[in-house]
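Peer 1: 3D, please:
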Amino acid sequence: MIFQCTIAHPIMISGTGLHSGRRINLTLRPADAGTGVVFHRTEGERTVSIEAISANVVDTRLATVLGKNGLSVSTVEHLLAAVTALEIDNLHIDIDGPEVPVMDGSAAPFVELLLGAGLRSQSRSRRYLALRQPISLTEGDKRISMIPSRFFRISFEIAFDHPCISVQNRSVKVSPELFRRDIAPARTFGFRREVEYLKANGLALGGSLDNAVVIGDDRVLNPEGLRFQDEFVRHKILDSIGDFSLLGFPLLGHIKSYRAGHDMNHRMVEKLLASPEHWRLVEFSPDDLRQPLQGGFPNFLSDLVLSKV
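Peer 2: Reported below is the predicted structural model:
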């Protein structure tokens, strides 16, 4: 937890883009400490490096899209969620298409591939963005609040006027083990009428029952059914982990969301970054671990983080 981390060996990933339907290839490579997560987007002979930070978000309507100098990478949230939850700080991602492959609609394939590559600790300590004061954002009936916490925690509630979903809520303290077991397998989802509309307008060309949960008028259309009874809210938590990774630092705070999506997540990240009085960057050292522990963290952190939630 103290030191930054990258992968030990390069790995290659190929798959279909959800919206473009194109075959897309990724190579994930180790990166030096302090690099962060960087997409290297190629188109023909041109390559643009796009840092995975909020300032490079160019669209959030259907997915989170990063862009720079005329090139972009869409649907980054599932891969970024896996990278963040596994506590990988530095990574180069070479990609030859406009979106990250959808794989099976979840983050589980990325988790297994990253773990297969091995994780390597680095010599530079990790810097955390620790929330000091509550902050919130409300838009109509949607809201996000963030409160101080000694851990990275997400609580999410969704409400749909549909018998397959209705009201679902879940709260998790994010850790590599919990994410791999309880959150990563949760797939993206959509209603059949929305999928049909997108396909008619040249989008979701790679979408199928193999990479999304599709909901009909009164039932889930996937023959195998759901992976979890509350798979829908689990996937919203997955998306949030990916979207809030664009803070650029691992978070010590508790995110509480109600019906929020990519667009609102991005606005919350931007609001927080523009409000430095609400947070502080903290960096642990090996000496800190020699201090008496309180709630799992050194005592000095109790002065910074106001509540244990």
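
Peer 1: so where's the protein uncertain?
Peer 2: Low-confidence regions of the chain, defined here as pLDDT under 70, cover residues 286-309.

Peer 1: again, only this time at 80
Peer 2: By pLDDT under 80, the weakly predicted segments of the chain are 1, 285-309.

Peer 1: any idea which element the residue positioned nearest the centre of it lies in?
Peer 2: Among the residues of the chain, the smallest C-alpha distance to the mean C-alpha position (C-alpha atoms, centre = their mean) belongs to G242, namely 1.0 Å. Using DSSP states H and E, G242 sits within helix 231-244.

Peer 1: gap between A55 and K68?
Peer 2: Noted for A55: a distance of 9 Å to K68, by C-beta to C-beta, to the nearest Å. Bear in mind the C-beta positions are built from the backbone N, C-alpha and C, glycine included.

Peer 1: if we can go back for a sec, send the alpha carbons of the helix holding G242 over as PDB?
Peer 2: These are the backbone C-alpha positions of helix 231-244, laid out as PDB (Å, rounded to 0.1, in the frame of the first residue of the first chain):
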ATOM      1  CA  GLU A 231     -25.500  -7.300 -10.700                       C
ATOM      2  CA  PHE A 232     -26.800  -3.900 -11.900                       C
ATOM      3  CA  VAL A 233     -25.800  -1.900  -8.800                       C
ATOM      4  CA  ARG A 234     -22.500  -3.800  -8.600                       C
ATOM      5  CA  HIS A 235     -21.700  -2.700 -12.200                       C
ATOM      6  CA  LYS A 236     -22.500   1.000 -11.300                       C
ATOM      7  CA  ILE A 237     -19.900   0.700  -8.500                       C
ATOM      8  CA  LEU A 238     -17.400  -0.700 -11.000                       C
ATOM      9  CA  ASP A 239     -18.000   2.200 -13.300                       C
ATOM     10  CA  SER A 240     -17.600   4.600 -10.500                       C
ATOM     11  CA  ILE A 241     -14.200   3.200  -9.500                       C
ATOM     12  CA  GLY A 242     -13.000   3.700 -13.100                       C
ATOM     13  CA  ASP A 243     -14.400   7.200 -13.400                       C
ATOM     14  CA  PHE A 244     -13.100   8.400 -10.000                       C
END
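
Peer 1: more neighbours, A55 and K68?
Peer 2: For A55 and K68, the more surrounded residue by other C-beta atoms under 10 Å is K68, and the numbers stand at 16 against 11.

Peer 1: wait, what's in contact with the nearest residue to the more buried one once chain neighbours are set aside?
Peer 2: The spatially closest residue to K68, leaving aside those adjacent along the chain, is I50, at 4.5 Å (C-beta to C-beta, 6 or more residues apart in numbering). With contacts defined as C-beta atoms under 8 Å, 6 or more residues apart in numbering, I50 is in contact with 38-41, 56, 66-68, 71-73.

Peer 1: in a helix, H9, correct?
Peer 2: No. Counting by DSSP: H, G, I helix; E, B strand; the rest coil, H9 is not found in a helix; it is coil.

Peer 1: next, count neighbours for it.
Peer 2: 11.

Peer 1: state the distance from the closest residue to F249 other than its chain neighbours to A107.
Peer 2: Closest residue in space to F249, ignoring its immediate chain neighbours: L129 at 4.0 Å, by C-beta to C-beta, 6+ apart. Look at L129 and A107: by C-beta to C-beta, they are 22 Å apart.

Peer 1: please name the nearest non-neighbouring residue to the residue nearest to the centre of the chain.
Peer 2: The shortest distance from G242 to any non-neighbouring residue, by C-beta to C-beta, 6+ apart, is to E77 (3.3 Å).

Peer 1: quick one, phi/psi of the one you found?
Peer 2: Per-residue torsions, E77: phi -70, psi -40 (degrees, to the nearest 10).

Peer 1: what residues are up against it?
Peer 2: With contact taken as C-beta under 8 Å, 6+ apart, E77 is in contact with 63-64, 238-239, 242-243, 262.
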